[in-house]
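Chemist: what shape does this take:
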Amino acid sequence: MKRTLFTTGMIALLASSTTHAANVAVIASPPTLLDTLVLGLAVFATVTSLKVFDLVRGGLLSKSWQFFAGGFAALALAQLMRILNAMEIFNLPTFVVPAIVMIMIGLFIMGVIQTKKTLG
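Modeler: Numbers count the residues shown, from 1 in each chain. Alright, predicted model coming up:
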């Protein structure tokens, strides 16, 4: 027991680094408020599209709704990362959020193509 406590304490001391408080005041700035609104709408759209996907499960449009749900989930992830980066909870490279947005656009395009293929 003593060895476990000593090992845990040494790891905690050696792995420690400086900490900084999150910048919570930035949440009240207009761009971050807009990001928060888009995050809420993206989560709502993800849940709604998953319910529609569940209703058409096995149908011809199920694949396209799966793409739409994935696109909205990617949008929610991008917005969450953008907010956490603005609050300085963690630092992201500048290409991460636009890359996730490109994935979202690709999923939406695939959903539209799949819907067009099904209905046309």
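
Chemist: what about this protein, any weak spots by pLDDT?
Modeler: The chain contains residues with pLDDT under 70 at 1-2, 13-25, 27.

Chemist: residue closest to the middle of it?
Modeler: The centroid of the chain falls nearest to Leu77 when counting by CA atoms, centre = their mean (0.9 Å).

Chemist: SS state for Phe31?
Modeler: Careful, residue 31 is Pro; it's not Phe. Secondary structure state of Pro31, per DSSP: H, G, I helix; E, B strand; the rest coil, is helix.

Chemist: neighbours of it, how many?
Modeler: Other residues lying near Pro31 total 11 when counted by other CB atoms under 10 Å. C-beta here means a position set from N, CA and C on the backbone, and glycine is covered the same way.

Chemist: neighbours of the closest residue to it other than its chain neighbours, just the number please.
Modeler: Nearest residue to Pro31 in three dimensions, chain neighbours excluded: Ala86, at 7.6 Å (CB to CB, 6 or more residues apart in numbering). Using other CB under 10 Å, Ala86 has 16 neighbouring residues.
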